[in-house]
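I would like the atomic coordinates for the input below:
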Amino acid sequence: MNKFKIFASIFLMFAACKADRSAQIEFSSDSTKIVVTNLGEAELYQVRQLKEKENLIMQVFESKLDSLEKEVKGKISISGDSLIFTPDQPLERGRTYMVNTLIGANFGKTEDILKSNLGYKVKTLQKELLR
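Have a look, this model is predicted:
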């Protein structure tokens with residue numbers, strides 16, 4: 001029982017550290033690209049393995065009045081600990097874009113684990129961005 005408590009304490013400590021550095025979705029500084037930052041080695045490995053299936057890595061949709069209008073096509077690249085989506089056509093000012101990615105997704109955060117509030121579905125990383 002004592003070994004279990006030590007293992008659980010170490011696991012929670014590492015999980016808490018990871019939670020502080022969770023992936024974030026934002027526009028690039030010039031708002032021409034969408035960037036997912038703070039990816040760990042496991043997430044970057046996952047991106048490299050799925051490189052030929054970019055639609056599984058990230059999807060970007062133009063969003064209007066609570067509905068998704070059309071998918072924004074583009075290319076995905078890696079720079080440091082970030083995933084960069086460069087659209088084929090420039091992103092329009094005043095438009096809202098919904099970004100979905102499975103990279104960095106999980107079944108719950110540290111808080112959910114501690115409260116035994118885990119679901120049976122993966123919680124995707126999702127964010128609505130206004131340009």
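
next, residue 43: phi, psi?
For residue 43, the backbone dihedrals (degrees, to the nearest 10) come out as phi -70, psi -40.

wait, isn't it in contact with residue 103?
Yes. Counting by C-beta atoms under 8 Å, residue 103 is a contact partner of residue 43 at 5.0 Å. In this view, the C-beta of every residue, glycine as well, is placed from N, C-alpha and C.

show the pLDDT at the residue lying closest to residue 74 once chain neighbours are set aside.
The spatially closest residue to residue 74, leaving aside those adjacent along the chain, is residue 87, at 3.9 Å (C-beta to C-beta, 6 or more residues apart in numbering). In this prediction, residue 87 carries a pLDDT score of 96.

with residue 49 instead?
Per-residue pLDDT puts residue 49 at 85.

over to it: give its phi and psi.
Per degrees, to the nearest 10, the backbone of residue 49 is at phi -70, psi -30.

can you report how many residues lie near it?
11 (other C-beta atoms under 10 Å).

for it, what are its contacts?
Contacts for residue 49 (C-beta atoms under 8 Å, 6 or more residues apart in numbering) come out as none.

quick check: the gap between it and residue 124.
Distance from residue 49 to residue 124, counting by C-beta to C-beta, to the nearest Å: 18 Å.

what does residue 48 give?
Note on residue 48: its distance to residue 124, by C-beta to C-beta, is 19 Å.
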